[in-house]
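# what would the 3D arrangement of this be:
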Amino acid sequence: MRHFVVKSALEALYFSGAFGLMRPFVGGVGAILMLHRVQPQRTARFQPNLRLEITPEFLTTIVRRLRRSGVDFVSLDEVHRRLTERDFRRRFVAITLDDGYRDNKEWAYPIFKQHEVPFAIYIPSSFPDRIGHLWWLSLEQIIAHNDAIVLEMDGRDCRLTCGSVREKYEAYDFLHGWLRSLPKAGAIRDVMRELATRYGVDIQAISHQECMSWDEIAALAADPLVTIGAHSVNHVVLAKAPPAVARAELNMGRAVIEAALGSSPRHLAYPYGDASAAGPREYAMAAELGFLTAVTARPGVLLPEHADYLTALPRIPISGEFQRGRSIDVLVSGASMALANCLRRQGAGGIPQPY
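Residues are numbered from 1 along each chain as shown. Prediction:
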């Protein structure tokens, strides 16, 4: 139902032309796009993480469509400059990718290189160190290969049936939501390690297969088009961590990248990045640690007042569920987010404000 509603709204805004009429009022001065994975379409019937994946063909469509629209493709350093100097003569777009998946190098980088588009990759340092846990991929594998899952939930043993494709999606959505609701920052990792051990999923093998090594990251970082940003150490929910732990995640994640690549990242993405994962405390920490910018997953375009909230920048999520060029036109116009917020803009710091 959610997919149908979002798709219908995007289509209505495009074919009615409303997105173009709304753009001058809701489009802001620029946008930061949030991507994760770029790889050829998979054929499996059960793909709960499809929203994190787009195809190389769609990435090419995004680049060409935005270039034809006349926006400037800029780096995160240039985003910082334009916001702080209030240089809003031309609208701009920055493209970011989270987590450091190997497909970023294999499929996304050649496209960006061909079209001379700067981009950024945010790296959780434990992933290339091969000690991190991409728990959402582990959960997908566990459910895909089993007809039932048994685990302890809130002090009780629970059994989830997941024999059919529909049941697998229901089980994944339920468990994903429950895991994200756990009150402690490291709780997801603890639960998923136990599940992975019980059902024979190799956590380290997933990291090796799906994420770039430090050598691969260094090779990308040598290109001036590429910005490497920080993304914590363990990809934890920072808002649920004690202050000292959250600060260490940010500071150590940056320090490990500096040790591996020889330069300290100036830009940060909060893991998960929604309102439950990062807020004023984390924004202040990022500023105190000296990051030039820090991005959230709060959907929105960039506004002039974001110059005063550089560690609380919104992004536009690009979902694999809506891989159509016209969806990009609507999303970057700001119209869909204005509609979702009942025509109240997501102001700087995440506070809805009237247009």
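# how is the protein divided into domains?
2-128+211-354, 135-204 (automatic domain parsing).
# quick check: longest helix of this protein.
Among the elements of type helix in the chain, defined by DSSP state H, the one spanning the most residues is helix 243-261.
# packing partners of the next helix-or-strand element following that helix?
With elements assigned by DSSP states H and E, the helix or strand that comes after helix 243-261 is strand 267-269. Other helices and strands packing on strand 267-269, by 3 or more C-beta pairs under 8 Å, 6 or more residues apart in numbering; DSSP states H and E, are strand 119-123, strand 226-230, strand 293-299. Heads up, the C-betas are built off the backbone N, CA and C, glycines and all.
# pLDDT of strand 267-269, averaged?
Mean pLDDT, strand 267-269: 98.
# going forward can the numbers begin at 19, since that is how I track them
Let's use 19 as the start, then, which means that last one is strand 285-287.
# just the terminal-to-terminal distance for stretch 349-359.
13 Å (C-alpha to C-alpha, to the nearest Å).
# now swap in stretch 116-125 and tell me
Taking C-alpha to C-alpha as the criterion, the two ends of stretch 116-125 lie 15 Å apart.
# could the domains of the chain be laid out in TSV, adding mean neighbour count?
Formatted as TSV, the entries for these read as follows, by neighbours: other C-beta atoms under 10 Å:
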stretch	mean neighbour count
domain 20-146+229-372	19
domain 153-222	16
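# the stretch 119-268 of the chain: strands as residue ranges?
In the stretch 119-268 of the chain, strands defined by DSSP state E, counting those that start in this stretch lie at 137-141, 166-171, 174-179, 244-248, listed in chain order.
# JSON lines please, covering these and showing distance to residue 210 and mean pLDDT.
As requested, the strands of the stretch 119-268 of the chain are exported to JSON lines (distance: least, C-beta to C-beta, whole Å; pLDDT from 0 to 100):
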{"stretch": "strand 137-141", "distance to residue 210": "21", "mean pLDDT": "98"}
{"stretch": "strand 166-171", "distance to residue 210": "10", "mean pLDDT": "95"}
{"stretch": "strand 174-179", "distance to residue 210": "15", "mean pLDDT": "94"}
{"stretch": "strand 244-248", "distance to residue 210": "23", "mean pLDDT": "98"}
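# as JSON lines, these with distance to residue 66 would be great.
Listed next are the strands of the stretch 119-268 of the chain as JSON lines, based on distance: least, C-beta to C-beta, whole Å:
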{"stretch": "strand 137-141", "distance to residue 66": "22"}
{"stretch": "strand 166-171", "distance to residue 66": "13"}
{"stretch": "strand 174-179", "distance to residue 66": "14"}
{"stretch": "strand 244-248", "distance to residue 66": "26"}
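# close enough to count as contact, residue 118 and residue 238?
No. Residue 118 is not in contact with residue 238 according to C-beta atoms under 8 Å; the separation is 9.4 Å.
# who touches both of the two?
Shared between the contact lists of residue 118 and residue 238 (criterion: C-beta atoms under 8 Å, 6 or more residues apart in numbering) are residues 139, 230.
# give me the pLDDT for residue 320.
Note on residue 320: pLDDT of 96.
# one more: residue 366?
Reading off the per-residue confidence, residue 366 sits at a pLDDT of 51.
# likewise residue 194?
Residue 194 is assigned 97 on the pLDDT scale.
# check residue 40 too.
At residue 40, the predicted lDDT confidence score is 88.
# backbone phi and psi for it, please?
The phi and psi values for residue 40, taken as degrees, to the nearest 10, are phi -80, psi -30.
# any idea how far stretch 135-155 is from the chain center?
Taking C-alpha atoms, centre = their mean, to the nearest Å, one finds the center of stretch 135-155 at 11 Å from the center of the full chain.
# same deal with stretch 276-284?
Relative to the centre of its chain, stretch 276-284 is centred 21 Å away, using C-alpha atoms, centre = their mean.
# and the contacts of it?
By C-beta under 8 Å, 6+ apart, the list of residues contacting stretch 276-284 from outside reads 94-95, 143, 146, 232, 235-236, 239, 246-248, 272-273, 275, 309-311.
# try it again with 6 Å
232, 236, 239, 246-248, 272, 275, 310 (C-beta atoms under 6 Å, 6 or more residues apart in numbering).
# give the rounded mean pLDDT of stretch 53-69.
If you average the pLDDT over stretch 53-69, you get 95.
# run the chain-centre distance for it.
From the chain centre to the centre of stretch 53-69 is a distance of 15 Å (C-alpha atoms, centre = their mean).
# for it, C-alpha coordinates in CSV please.
Written as CSV, here are the backbone C-alpha positions of stretch 53-69 (Å, rounded to 0.1, in the frame of the first residue of the first chain):
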residue,chain,number,x,y,z
LEU,A,53,21.9,6.4,-2.8
HIS,A,54,23.3,3.2,-1.4
ARG,A,55,23.8,0.5,-4.1
VAL,A,56,24.2,0.5,-7.8
GLN,A,57,24.1,-2.9,-9.5
PRO,A,58,22.3,-4.9,-12.2
GLN,A,59,18.8,-6.0,-11.3
ARG,A,60,18.5,-9.2,-9.4
THR,A,61,16.1,-12.0,-10.3
ALA,A,62,15.2,-13.3,-6.9
ARG,A,63,11.6,-13.1,-5.9
PHE,A,64,12.4,-12.1,-2.3
GLN,A,65,14.3,-8.8,-2.4
PRO,A,66,13.4,-6.8,0.8
ASN,A,67,16.4,-4.5,0.4
LEU,A,68,15.5,-3.5,-3.2
ARG,A,69,14.8,0.1,-2.0
